[in-house]
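Enquirer: build me a model from this:
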Amino acid sequence: MANTLKFGDGQWATKYGSTLAYNDENGNFKPLPFTFERRGNATRVNKEGLIEIVGENIPRIDYLNDSNGALLLEPSRTNLETKSNGFSTWGVNSNITRTADYIISPDGTLNGTRFQFTANGFCSNTPQSLATYTVSCYAKRNDNGTQNVGFFTNGSGVVNSAWDITSEWKRFSYTFPTLNASFMGIAGVSGADISVYGFQIEGIVSYPTSYIPTQGGAAVTRLAETCSQTPPDGVIGQTEGVVFIDANFKTGVGDQTILISSSGFNDYVFIQMNAGGLLETGIIVNTTEVARIGVAKTSGRYKCAVAYANNDFVFYVNGVQVGTDSIGLMSGFTANFINLNHNNQQYTINNHLLYNTRLSNSELAALTQV
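Expert: Predicted structure coming up:
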């Protein structure tokens, strides 16, 4: 299974404006850069497990829960919480003692804030009124007492199930549907003793993205990221080949698409999780769809491979064949452009491979095995 392009799989080389893939056909490694763009800073989790800021146009290799790292690609998002750490602008009732700079936070500095609940209580700010928003923050427990704590809004108390707080930092999130909140924050019961870091409010969205620090009293926007490549001749097969992707997908957030296409979009192969939770592949030749194969999936990490040849199409997901198609000609297929975030959604790309020959079904099963 000699692939013509390998991207990721624990091998990362990044610099301003690009990240490298490699051509290892016949053992010959050649740099094949993907062009990367993001105006402004963003955060990632580094190899040491700490949140750090990455500068403008620097690709983010994120090591959250993965020692091999993954390319993190996200849409534009704004943190509406104007002071995301320290909580000095939040209102606190008489049942809470707040101590700033109490503990080492997930960014490795002494800026985690302690909340001690001497009785049932809450702390809150005044967010913008939005139809829907997603809130998130990091929290950990400081002792072994009662820790019934959660997100809070408009006097209704803890609005989701109590956080599963441990002695280690963990990020929690909750999406408020159809809600205009006059204030919201964190609520807890008597005896709770926790530390908190990195509060985030993302408007009109259904899932949280990476932490966006705000400390200047104003909302901050992280802009969208793009990552694409125009590979040289021979990397993508014209009449047969395989596209492989190992990525994390989400359901219910719009079409999440990895696209291998011609510059005029007359010919292309895509792998995507669509808005309805269908993990699928499609192949278009001369503007005509010649194959589409899909399987219903929930959010998660999937290894996907689509093999194509004349009248021979097959889709494998996590080692299992999920569908085939035996009608369609590949003549005229001239795909020469790779877009790893075609519809500007959130991905973590762990590994991406291209083959310019059609692998056997047993090889496809092995390639996608988890």
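Enquirer: contacting residues for residue 213?
Expert: When contacts are counted by Cβ atoms under 8 Å, 6 or more residues apart in numbering, residue 213 is found next to 43, 53, 79, 84-85, 198, 220. Quick note: C-beta positions are derived from backbone N, CA and C, even for glycine.
Enquirer: Three-state assignment for the most far-flung residue of the chain relative to its centre, please.
Expert: Distance from the C-alpha centroid of the chain, by Cα atoms, centre = their mean, peaks at residue 94 (39.0 Å). Classification of residue 94 by DSSP: H, G, I helix; E, B strand; the rest coil places it in coil.
Enquirer: now the strands for the stretch 51-200 of the chain?
Expert: Counting by DSSP state E, counting those that start in this stretch, the stretch 51-200 of the chain has these strands, from start to end: 51-54, 60-62, 70-73, 77-79, 91-92, 96-104, 110-117, 121-125, 133-141, 149-153, 170-176, 184-188, 193-203.
Enquirer: elements contacting the third one?
Expert: Helices and strands touching strand 70-73, as assessed by 3 or more Cβ pairs under 8 Å, 6 or more residues apart in numbering; DSSP states H and E, comprise strand 60-62, strand 226-229, strand 347-355.
Enquirer: phi, psi for residue 362 please.
Expert: Per-residue torsions, residue 362: phi -70, psi -40 (degrees, to the nearest 10).
Enquirer: which residue packs closest to residue 256, ignoring adjacent ones?
Expert: Excluding its sequence neighbours, the residue lying closest to residue 256 (Cβ to Cβ, 6 or more residues apart in numbering) is residue 345, at 4.2 Å.
Enquirer: contact partners for the one you found?
Expert: Applying Cβ under 8 Å, 6+ apart, we find residue 345 in contact with 75, 250, 253-257.
Enquirer: among these, who's most crowded?
Expert: Counting neighbours by other Cβ atoms under 10 Å, the top entry in the contacts of residue 345 is residue 256, with 24 neighbours.
Enquirer: re the thing from before, so which of the strands of the stretch 51-200 of the chain is nearest residue 35?
Expert: Of all the strands of the stretch 51-200 of the chain, it is strand 70-73 that lies closest to residue 35, at 12.8 Å by Cβ to Cβ.
Enquirer: the closest one pairs with which strands, parallel or anti?
Expert: Strand 70-73 sits in its sheet next to strand 60-62 (antiparallel), strand 347-355 (antiparallel), going by DSSP bridges.
Enquirer: just put the ones you listed in CSV and tack on mean neighbour count and distance to residue 322.
Expert: Below are the strands paired with strand 70-73 laid out as CSV (neighbours: other Cβ atoms under 10 Å; distance: least, Cβ to Cβ, whole Å):
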stretch, mean neighbour count, distance to residue 322
strand 60-62, 23, 28
strand 347-355, 22, 18
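Enquirer: can you read off the pLDDT for residue 328?
Expert: Per-residue pLDDT puts residue 328 at 90.
Enquirer: in contact with the residue nearest to it when sequence neighbours are not counted, which residues?
Expert: Nearest residue to residue 328, sequence neighbours excluded (Cβ to Cβ, 6+ apart): residue 290, at 3.0 Å. Residue 290 makes contact with 283-284, 313, 325, 327-330, according to Cβ under 8 Å, 6+ apart.
Enquirer: follow-up on the earlier one: residue 146 is nearest to which of the helices and strands packed on strand 70-73?
Expert: Nearest to residue 146 among the helices and strands packed on strand 70-73 is strand 60-62; the distance by Cβ to Cβ comes to 34.0 Å.
Enquirer: still on that earlier bit, filter the contacts of residue 213 to the buried ones?
Expert: The neighbour count (16 or more other Cβ atoms under 10 Å) marks 43, 79, 84-85, 198, 220 as buried among the contacts of residue 213.
Enquirer: returning to that earlier point: could I get the strands paired with strand 70-73 as TSV with mean pLDDT and distance to residue 49?
Expert: Listed next are the strands paired with strand 70-73 as TSV, based on pLDDT from 0 to 100; distance: least, Cβ to Cβ, whole Å:
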stretch	mean pLDDT	distance to residue 49
strand 60-62	97	11
strand 347-355	94	16
